[in-house]
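>>> Need the 3D shape of this:
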Amino acid sequence: MGPIRIVSAAAQASGWSWAQTTALIVPVVALVGVYATYALNQRAARRERRAKTFAEALTAVEEYLEMPYRIRRRHNSPEARRDLTDQVSSLLARMAFHHAWLQIEASAVAEPYAAFVSAARAEAGVHMSEAWRQAPIEADGGMNLGQAYARDQSTAARAACIDAMRANL
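Numbering: from 1, shown residues only. Next up is the predicted model:
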C-alpha cells in the first residue's frame with residue numbers, strides 16, 4: 001500500500017485528483033471509439049461502392065453477351081436495326097468506361113476484366129454476325145431459339161474476373 005499513498009500524496013501535492021484523471025480519460029476513450037466507428041463505416045461504404053461498381057462492370061459484359069439473342073429476335077424494321085446497333089455501341093462504350101475505371105481504382109482487377117471483355121467480344125461478335133444473317137422472326141413460335149450460343153471462353157474469363165474482384169474487396 002505504500003506506493004499508492006506515494007502516488008496519491010504526489011497527486012494531492014500537485015493539485016491533481018483521480019476524478020480529474022477520469023474526467024480526462026473518458027472523453028479521450030470516447031473520441032477514439034467515435035473515430036474507430038467512423039473509420040469502419042467509411043471502409044464498409046467504400047467496399048459496398050466498389051462491389052456495386054464491379055457488378056455494374058460485369059452487367060455491361062453480360063448484356064453484350066445477350067446481344068446475339070436480341071438481334072436474332074429483332075423486328076423486321078430499319079428502326080429495330082438502328083436500335084440494336086445503338087445498343088451494341090453503347091455497351092462497347094460502357095465496357096470501355098468500366099475498364100478505364102478499374103485501371104484507375106482497382107488495377108488488380110483491370111486485367112481480368114479486360115480478358116473477360118475480350119472473350120465476350122470474340123464469342124458474341126461471331127454470334128452477332130450469325131444472328132444478323134438470319135431472317136427476322138415473324139411469329140411468336142420462333143422466339144424460342146432452341147439452342148444457346150456457346151460461351152465457354154466468356155464463362156471461364158468471367159469466373160477469373162469475379163475471383164479477382166472478390167480478392168480486391
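>>> How many residues are close by G15?
7 (other Cβ atoms under 10 Å). All C-beta spots, glycine's among them, are computed from the backbone N, C-alpha and C.
>>> for S107, same thing?
By other Cβ under 10 Å, neighbour count at S107 equals 10.
>>> State the pLDDT value of it.
The per-residue pLDDT reported for S107 equals 95.
>>> Excluding covalently adjacent residues, which one is nearest to the residue positioned nearest the centre of the chain?
Of all residues in the chain, the one closest to the mean position by Cα atoms, centre = their mean is F54, 1.5 Å from it. Taking Cβ to Cβ, 6 or more residues apart in numbering as the measure, F54 lies nearest to M165, with 4.5 Å between them; neighbours along the chain are not counted.
>>> Ok, D163 next?
Setting aside the residues directly before and after it, D163 is nearest to P112 in space (Cβ to Cβ, 6+ apart), at 7.6 Å.
>>> and if you look at A150?
Setting aside the residues directly before and after it, A150 is nearest to E123 in space (Cβ to Cβ, 6+ apart), at 6.8 Å.
>>> Pull the contacting residues for that neighbour.
When contacts are counted by Cβ atoms under 8 Å, 6 or more residues apart in numbering, E123 touches L65, Y149, A150, R151, D152, Q153, S154.
>>> Could you pull up phi and psi at the fifth one?
Dihedral angles phi and psi of D152 (degrees, to the nearest 10) take the values phi -60, psi -50.
>>> about what we covered before: what about the residue nearest to D163, how many residues nearby?
Residues near P112, counting by other Cβ under 10 Å: 21.
>>> repeat for V109
Using other Cβ under 10 Å, V109 has 27 other residues around it.
>>> Past the helix or strand where it lies, which element shows up next along the chain?
Following DSSP states H and E, one finds V109 within helix 107-133. The C-terminal neighbour of helix 107-133 among helices and strands, as given by DSSP H and E, is helix 152-168.
>>> Show me how far that following helix is from its chain's centre.
12 Å (Cα atoms, centre = their mean, to the nearest Å).
>>> From A51, how far out is the residue nearest to A150?
Distance check for E123 against A51: by Cβ to Cβ, to the nearest Å, it reads 26 Å.
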